[in-house]
Each structure stands twice: as structure tokens, then as C-alpha cells.
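Peer 1: got a predicted structure here, sequence first:
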Amino acid sequence: MTDSRTPVVLVVDDTKTNIDLLVYLLADQYEVSVALDGETALEVALEDRPDLILLDIMMPDMDGYEVCRRLKLQPETRDIPVIFVTARKEITDETEGFALGAVDYITKPISPPLVKARVATHIQLKQAHDAVKYQNLILEEKVQQRTVELQETQLAIIRKLGRAAEFRDNETGLHVMRMSHYTHIIGIACGMGKSESALLLHAAPMHDVGKIGIPDNVLLKPGKLSPAEFDIIKTHPEMGADIIGKEESPLLKMAFQIAYTHHEKWDGSGYPRGLSGENIPLVGRICAVADVFDAVTSQRPYKEAWPVPRAVALLQQESGRHFDPALVRLFLDNITEVLKIKEKFSEQEATEPFDHPWGGR
């Protein structure tokens with residue numbers, strides 16, 4: 001960063017003669033502003049943000065120590081270097097001044113060459129500090145921009161993989177749109193913050209990505225699956241987890257958990273690992289509720305959509321068996337918002353085979 005402006009020095013002293021001398025010494029190199037008391041000094045510092053403050057200690061009403069203390073308490077002025085210029089020469093005075101955050105200590109009567117040298121040194125240090133701070137801000141912005149780009153790339157990949165799974169399953173996309181919005185509603189209701197619930201919204205469409213690896217003769221079979229065929233279907237959570245992999249990205253971590261655990265059941269009778277209760281990751285339990293509700297309330301060529309009261313009754317019936325009871329309550333507490341999503345994304349959908357009346361394979 002290049003800064004071509006003239007540096008600004010604020011001189012604070014209750015004696016006009018002292019101010020005049022310092023202005024005379026510095027005016028040829030710097031823009032000099034003045035204050036005759038501490039209160040005015042604080043106001044000028046906050047408004048003008050000088051590059052350096054030359055501060056007398058012995059002033060009425062508010063001494064220089066208090067002015068310095070207040071300057072260092074304010075984020076807007078804490079980085080302005082302060083040099084005490086004072087007749088107090090005791091070591092304890094210097095010690096107190098440095099303890100308050102002053103960068104230097106000049107005693108009166110002042111030596112003009114010394115004042116000029118000290119001011120020049122600390123102005124240069126301030127400019128260097130500002131330059132580093134500016135470069136750090138630029139670097140931080142670049143890192144944030146790159147992070148956003150990586151997140152957008154990951155999101156695009158997740159969406160494409162989700163779409164690939166939909167195509168394999170004759171899915172139009174509306175199921176995963178509704179289902180992911182349902183998970184978002186549940187996530188917020190159970191206390192997730194904005195960031196985590198947004199991750200859930202974007203990761204939920206990956207729940208069935210493992211179906212990419214299921215043979216067509218099993219996945220697209222219009223009738224009831226045989227036990228052997230259902231065993232094949234039951235491998236899709238593990239396939240989905242393998243496809244996503246164990247990545248460091250928060251989005252992919254959540255997508256991994258969802259793909260792997262959305263068919264687990266609260267009572268331990270689900271698959272692929274037979275997890276139960278809170279051993280099932282929260283996002284998997286949320287997706288189980290959202291997935292099944294959308295499945296039963298959606299029309300298929302081989303079945304009519306269930307009316308909402310019947311679907312609600314199923315969730316209540318399966319609460320504590322298939323589903324986390326607390327999540328069922330939260331889902332039903334927010335049924336008005338759920339139905340708004342259902343209406344927004346309502347359309348005839350393509351065939352999606354089921355193994356039983358209410359759950360997806």
C-alpha cells in the first residue's frame with residue numbers, strides 16, 4: 001500500500017508556548033493539529049485519526065495518563081502511537097507512561113533534533129504497521145474469496161452427484177428439493193445455527209447418492225423386491241459414504257454422515273449398521289423423518305399420495321421406533337412451514353420404487 005498523503009501529528013498541551021514550538025518544529029514535514037486539553041484531544045483523535053500524538057502529562061481536568069488510557073480503550077484510536085512530552089523526569093513516570101501503551105517519552109525542555117528524530121521514527125513505524133495491516137486484510141479477503149470458491153465448487157459437485165442419483169432412480173428432483181428443505185426446517189427447530197442449518201440444506205440431497213452403484217434390474221424393478229434384492233439395496237448407504245469419502249470440508253463431512261446413516265432407525269432395526277438412539281448422527285435422524293414424510297405424501301405410478309393426516313399419524317406411530325421422538329415433535333410443530341414447502345415444490349413425479357408402504361429403498 002502506498003500512502004502519499006502528509007502524515008498528521010496531534011499535539012496536546014495546555015500551554016500555548018509549548019504547542020507553538022512543536023508546531024514550528026514539525027509543520028514543514030507534517031500536518032499538525034492541536035488540542036489544549038484532554039477532552040478535546042480525545043475528540044480530535046477520534047475524528048481525524050492522526051498518525052501520531054505528542055501528549056503532555058500535566059494538564060488540568062484530565063492529565064495525559066488518562067488521555068492515553070482512554071485512547072487505548074477505543075478500537076478506533078488504540079493503534080495511534082503516543083509519545084509523552086513532559087517535564088516529569090522520574091523513572092516511575094516513564095514506567096507508568098509505557099505501561100499505558102505509550103511508544104516513547106520525551107522530557108522538557110525538548111531537544112528539537114531529538115523530537116524530529118523520534119517523531120520521524122514512529123511515523124515510519126506506524127506507516128509500516130499500517131502497510132502490514134493492509135496487506136493482511138488483502139490476504140484475508142483473498143483467502144475468504146478462495147474459500148467461497150472452494151465451497152461453491154464442492155456444492156456444485158454435490159448437486160451434480162445428487163442429480164446423478166436422481167436420474168438413476170427415475171427421480172425428477174422435486175423429492176430431494178422438498179426433503180432438503182424439510183431437513184432445514186427441522187435443523188433450525190432443534191437449535192442449529194444459520195451456518196449449520198445451511199450445510200444441512202445443501203448436504204441432504206446427497207442422501208441417496210449411493211444408488212448410483214445399485215444395478216438397474218434391482219433399483220428400477222417395478223414390483224416388490226426379493227430378500228436378496230433388498231440386501232443389495234441396503235448397500236447404497238455404504239456406497240454413498242464411499243463416493244463422498246472422508247473429507248475435511250464441513251459440507252462433505254455432513255453429506256457423508258447423511259448418506260451413511262439416513263436409513264438407521266431409532267430402535268436399532270435400520271441399516272447398514274443397526275445403530276440406535278443418539279448413536280445415530282443427528283443429521284441422519286433428521287433426514288430419516290424428512291425422507292419418509294416426503295415419500296409417503298408423494299404420488300407414484302403404483303400408489304396414490306397419502307393425505308397429510310395419514311402421514312402425520314405414521315410419524316407419530318413410528319416415533320420411538322423408526323424415528324427420534326424429539327425430532328418428530330419438532331417436525332409436527334412446524335407442519336405449517338413443511339406444507340408450504342410441499343406446495344411450493346408440488347408436481348407429478350416419476351417412478352420411485354419402494355420396498356414397503358412408507359419408506360424409500
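Peer 2: In hand now; what should we look at?
Peer 1: residues of stretch 239-256 that come out buried?
Peer 2: 239-244, 249, 251-256 (16 or more other C-beta atoms under 10 Å). The C-beta positions use only the backbone N, C-alpha and C, and glycine is treated the same way.
Peer 1: same check, this time on stretch 312-330
Peer 2: Val312, Leu314, Leu315, Glu318, Ser319, His322, Phe323, Asp324, Leu327, Val328, Leu330.
Peer 1: tell me, how many residues neighbour Leu71?
Peer 2: Per other C-beta atoms under 10 Å, the neighbour tally for Leu71 reads 24.
Peer 1: scratch that, Val32
Peer 2: The burial count for Val32: 21, using other C-beta under 10 Å.
Peer 1: hey, what's it bridged with?
Peer 2: Going by DSSP bridges, Val32 is paired in beta bridges with Val9.
Peer 1: got a list of what it touches?
Peer 2: By C-beta atoms under 8 Å, 6 or more residues apart in numbering, the residues touching Val32 are Val8, Val9, Leu10, Val11, Leu22, Val23, Leu26.
Peer 1: same thing but 6 Å
Peer 2: Val9, Val23, Leu26 (C-beta atoms under 6 Å, 6 or more residues apart in numbering).
Peer 1: and the second one, how far from Leu54?
Peer 2: Which is Val23. Using C-beta to C-beta, to the nearest Å, Val23 is found at 10 Å from Leu54.
Peer 1: about what we covered before: need the buried ones from the contacts of Val32 selected in PyMOL.
Peer 2: Per 16+ other C-beta under 10 Å, the buried members of the contacts of Val32 correspond to this PyMOL selection:
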select buried, resi 9+26
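Peer 1: for the contacts of Val32, which one is nearest Leu275?
Peer 2: Of all these, the one with the least separation from Leu275 (C-beta to C-beta) is Val9, at 68.3 Å.
Peer 1: that older thread, I'd like to know which of the buried residues of stretch 239-256 are part of helices.
Peer 2: Met239, Gly240, Ala241, Asp242, Ile243, Ile244, Leu251, Leu252, Lys253, Met254, Ala255, Phe256 (DSSP state H).
Peer 1: what two of those residues are the furthest from one another?
Peer 2: In these, two members sit farther apart than any others by C-beta to C-beta. They are Met239 and Leu251, at 19.3 Å.
Peer 1: lowest confidence element among the helices and strands of this structure?
Peer 2: helix 112-168 (a mean of 80; mean pLDDT, DSSP states H and E).
Peer 1: and Ile83, that one's in a strand?
Peer 2: Yes - the assignment for Ile83 is a strand, going by DSSP: H, G, I helix; E, B strand; the rest coil.
Peer 1: wait, what's in contact with it?
Peer 2: Leu54, Asp104.
Peer 1: try Ser180
Peer 2: By C-beta under 6 Å, 6+ apart, the residues touching Ser180 are Leu201, Ala204, Pro205.
Peer 1: tell me the secondary structure at the closest residue to the second one other than its chain neighbours.
Peer 2: Read it as Ala204. Using C-beta to C-beta, 6 or more residues apart in numbering and skipping residues adjacent in sequence, the residue nearest Ala204 is Ser180, 3.8 Å away. Three-state call for Ser180 (three-state DSSP): helix.
Peer 1: mind checking how far Ser180 is from Val312?
Peer 2: Ser180 is 20 Å from Val312, where distance means C-beta to C-beta.
Peer 1: same thing with Thr86?
Peer 2: The value you get for Thr86 to Val312, if C-beta to C-beta is used, is 78 Å.
Peer 1: cool, and Val82?
Peer 2: Here Val82 is placed at a distance of 68 Å from Val312 (C-beta to C-beta).
Peer 1: same thing with Pro215?
Peer 2: For Pro215 relative to Val312 (C-beta to C-beta), the value is 35 Å.
Peer 1: and Asp333, by the same measure?
Peer 2: Distance from Asp333 to Val312, by C-beta to C-beta: 12 Å.
Peer 1: what's the burial count for Glu43?
Peer 2: Glu43: 11 neighbours (other C-beta under 10 Å).
Peer 1: could you find the closest non-adjacent residue to it?
Peer 2: Nearest to Glu43 is Ala35, by C-beta to C-beta, 6+ apart, at 7.9 Å.
Peer 1: okay, now Pro113: neighbour count?
Peer 2: 9.
Peer 1: check contacts around Ile53.
Peer 2: Contacts of Ile53 by C-beta under 6 Å, 6+ apart are Leu10, Ile80, Val82.
Peer 1: now, which of the residues you listed sits nearest Gly270?
Peer 2: Nearest to Gly270 out of those is Ile80 (C-beta to C-beta; 62.8 Å).
Peer 1: Leu46 should be in a strand, yeah?
Peer 2: No - under the criterion used here (three-state DSSP), Leu46 is helix, not part of a strand.
Peer 1: follow-up on the earlier one: got JSON lines for the contacts of Ser180, with secondary structure too?
Peer 2: Below are the contacts of Ser180 laid out as JSON lines (three-state DSSP):
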{"residue": "Leu201", "secondary structure": "helix"}
{"residue": "Ala204", "secondary structure": "helix"}
{"residue": "Pro205", "secondary structure": "helix"}
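Peer 1: what's the domain layout of the protein?
Peer 2: Structurally, the chain divides into domains by automatic domain parsing as follows: 8-138, 169-344.
Peer 1: first-to-last residue distance for the first one?
Peer 2: So the one you mean is domain 8-138. End-to-end distance for domain 8-138, by C-alpha to C-alpha, to the nearest Å: 25 Å.
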